[in-house]
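>>> sequence below, structure please.
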Amino acid sequence: MKKKIILLPLFACLISSCSKNEENKFVTGQNADKPVVFYGTPVLTQNTLNGSYQLEYDDEALSFNDKTLYVGLNYEELANLQADMIYNYIQVNKDSINRKKTNSAGEVIDENNILSYILVTDDNSSLLSRMQIRAIRKRLGTLETDTNGSEILDCGSEISIKKQGTLQFTNADDTKTEFSIEEASSIVMKGSTSSVEYLTRSIFTEREADTSSRPIDLVITVSDALSVSCYNNWCRNNKVPVFGFGGNSDALKCMQDKVDVPYAGTVYVNNSYLAYMKARALYNLMENKDNFYEYGITVADDQGCYLENGSKYIKYVTNSKNNSKKLLLSGRIVNYTNASEYSNYDERKNFDSTLKYTSTTNHKIWYNRILTDRSIISEDAAKDIDDYEYTYDKKYFSMLNLNEQMTDEERTTDYYKLQNEKYFLKQFVNLNDYDGYLIELYKSTNAKEYLSAIKQ
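Coordinates of the predicted model:
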């Protein structure tokens, strides 16, 4: 999901700097000894996605010094979770999920086990969306390859050649159930001049009106914002399962409706965890905690503060060759069987009772944040995500000043496309005044631009 930019210097207590890594070519000056935490947008090389669409983290940048860290989502694991969720649903419901083609009299005229799904994406140029699309198609057997065997990852307004695959399941009596599966169509919502509601309604109604087409058995989207729209405009009334991603409150409420389970599931990501993790990890680095990746995160600090069940979803990954470090957050599958656990869910209050305010500190941090894009998700949902950030920033850096906010004119899409990292880097000055840096990239491959400035 693309985001909008706002610059937030954060003020909070001076700390001793970390030891200098003489072997790293970035490191030359005093500022290069200070903690650097990249968060949100992953720190990647120019070859981010190879032929297999695997993440390629920039290990050189993430080993800038011994207090450099990336905090973000575990993209690959989350994409695979969504694909597994869809596959598992088909397996459990294989006896009823296939909507047979019938004639005007309601008689079945096609006995073949053929499943047809529609894929709705927000922006297939975003890294997470591309990985979701690939994982879903690979799991369902509809991922195409060209004549050289390279994977084809397209997602247009309509697919001219249907993507087809085969799924086989073993029954309790060791017999086999086999489905042919096809991606009937796909649509990208990002940048559309029409509303999400209009497009999701029209694509379904037009297809259902086409008597030559097979019935739609599944609707798959890459975000709950899109899934909720599909649910409200077509899936609920037609009792067709829809799958989302993100676990927002609207999606969880839809699952609790249990209208023949058309909202079949989502991958829940606790954004409040993510907001807390990056602030707390930087705080730990400044406090010279050896276990900076777990103290107050997956294990209790001296005030009993930690993320409940965090150890199940948070993974600390290092590259022993060059000491690059990542702290990654995954999620969990939530569906009609466990959605009741979220009956009182409220995104703006989704903070664990085990989290406590720390004592006042005086760290002075250079901090930039990208506000959530409102073009796909609702204004309230976007505000929820930004509230996560603000709440935890205040928790660990008590003298939080919001200034240098961009004007409404500057927040236009064209402005951000033109600026890219330029706006951030213009503000990345007077680095001697700060004790650490908390950086969200606009572009994944631009970490070196900041590090080059720090080493001066």
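
>>> any residues touching stretch 317-325, and which ones?
57, 59-63, 66, 68-70, 293, 316, 326-328 (CB atoms under 8 Å, 6 or more residues apart in numbering). Yep, even glycine has a C-beta here, placed from its N, CA and C like the rest.

>>> what mean pLDDT does that stretch have?
Per-region confidence: stretch 317-325 scores 89 on mean pLDDT.

>>> quick one: terminal-to-terminal distance for it?
6 Å (CA to CA, to the nearest Å).

>>> one more: stretch 35-46?
Start-to-end, stretch 35-46 (CA to CA) is 24 Å.

>>> and that stretch, average pLDDT?
90.

>>> give me the nearest residue to Y268, chain neighbours excluded.
G247 (3.0 Å; CB to CB, 6 or more residues apart in numbering).

>>> please apply the same query to Q168.
Q168 sits nearest to E178 (CB to CB, 6+ apart), 4.6 Å away.

>>> ok, back up a step: closest to S150 among the contacts of stretch 317-325?
Y57 (22.2 Å; CB to CB).

>>> number of nearby residues for that closest one?
With neighbours defined by other CB atoms under 10 Å, the count for Y57 comes to 19.

>>> quick one: residues contacting K138.
Applying CB under 8 Å, 6+ apart, the residues near K138 are A83.

>>> about what we covered before: tell me which of the contacts of stretch 317-325 is nearest to E183?
Among the contacts of stretch 317-325, and counting by CB to CB, the member closest to E183 is L328, at 29.4 Å.

>>> what are the pairing partners of the helix or strand where the residue nearest to Q168 lies, and which direction each?
Using DSSP states H and E, E178 falls within strand 176-188. Take DSSP bridges as the rule and strand 176-188 pairs in its sheet with strand 114-121 (parallel), strand 163-170 (antiparallel).

>>> now that strand: average pLDDT?
For strand 176-188, the per-residue pLDDT averages 85.

>>> quick one: D66 and K34, what's the gap?
11 Å (CB to CB, to the nearest Å).

>>> who has more neighbours, the two?
K34 (23 against 16).

>>> just checking, that one touches K67?
Yes. K34 lies in contact with K67 (CB atoms under 8 Å); the separation is 7.2 Å.

>>> does L119 touch I216 like I think?
No. Using CB under 8 Å, L119 is not in contact with I216; the gap is 11.2 Å.

>>> more crowded one of these two?
L119 (25 against 22).

>>> what about that one, distance to N112?
21 Å.

>>> can you give me the strands for the stretch 251-400 of the chain?
263-268, 314-319, 324-329, 332-335, 363-372, 399-400 (DSSP state E, counting those that start in this stretch).

>>> return the most buried member of these.
strand 263-268 (a mean of 27; mean count of other CB atoms under 10 Å).

>>> which elements pack onto that strand?
helix 75-92, helix 224-230, strand 242-243, helix 249-257, strand 332-335 (3 or more CB pairs under 8 Å, 6 or more residues apart in numbering; DSSP states H and E).

>>> turn those into JSON lines, including distance to V299 and mean pLDDT.
Below are those laid out as JSON lines (distance: least, CB to CB, whole Å; pLDDT from 0 to 100):
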{"stretch": "helix 75-92", "distance to V299": "22", "mean pLDDT": "95"}
{"stretch": "helix 224-230", "distance to V299": "31", "mean pLDDT": "87"}
{"stretch": "strand 242-243", "distance to V299": "34", "mean pLDDT": "95"}
{"stretch": "helix 249-257", "distance to V299": "29", "mean pLDDT": "84"}
{"stretch": "strand 332-335", "distance to V299": "21", "mean pLDDT": "92"}
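
>>> quick one, phi/psi of the residue nearest to Y268?
Main-chain torsions, G247, degrees, to the nearest 10: phi 70, psi 40.

>>> that one contacts G265, correct?
No. Using CB under 8 Å as the test, G247 is too far from G265 to be in contact (9.8 Å).

>>> go ahead and confirm the residue nearest to Q168 touches T166.
Yes. Between E178 and T166 there is a contact at 6.5 Å, judged by CB under 8 Å.

>>> rewinding a little: nearest to I370 among the contacts of stretch 317-325?
Closest to I370, out of all of these and judged by CB to CB, is Y70, at 15.3 Å.

>>> show me what that closest one is bridged to.
Bridge pairing for Y70 - DSSP bridges - gives F38, K326.

>>> thought it was touching P42?
Yes. Here Y70 lies in contact with P42, judged by CB under 8 Å, at a distance of 6.6 Å.

>>> and for the two, which residues touch both?
Y57.

>>> look at those two and report which has more neighbours.
Y70 (28 against 24).

>>> got a list of what that one touches?
Contacts of Y70 (CB under 8 Å, 6+ apart): 37-39, 42-43, 57, 62, 325-327.

>>> out of those, which one sits closest to V188?
P42 (21.9 Å).

>>> mind checking the backbone torsions on the closest one?
phi -70, psi 150.

>>> what's the distance between it and E77?
In terms of CB to CB, P42 sits 13 Å off from E77.

>>> just K67 next, same as before
26 Å.

>>> neighbour-wise, which of these two wins?
Shown here are K67 and E77; by other CB under 10 Å, K67 has more neighbours (23 against 17).

>>> the more buried one against L285, yeah?
Yes. Using CB under 8 Å, K67 is in contact with L285, at 4.7 Å.

>>> what residues of stretch 33-50 count as buried?
For stretch 33-50, burial by neighbour count (16 or more other CB atoms under 10 Å) applies to 33-45, 48.
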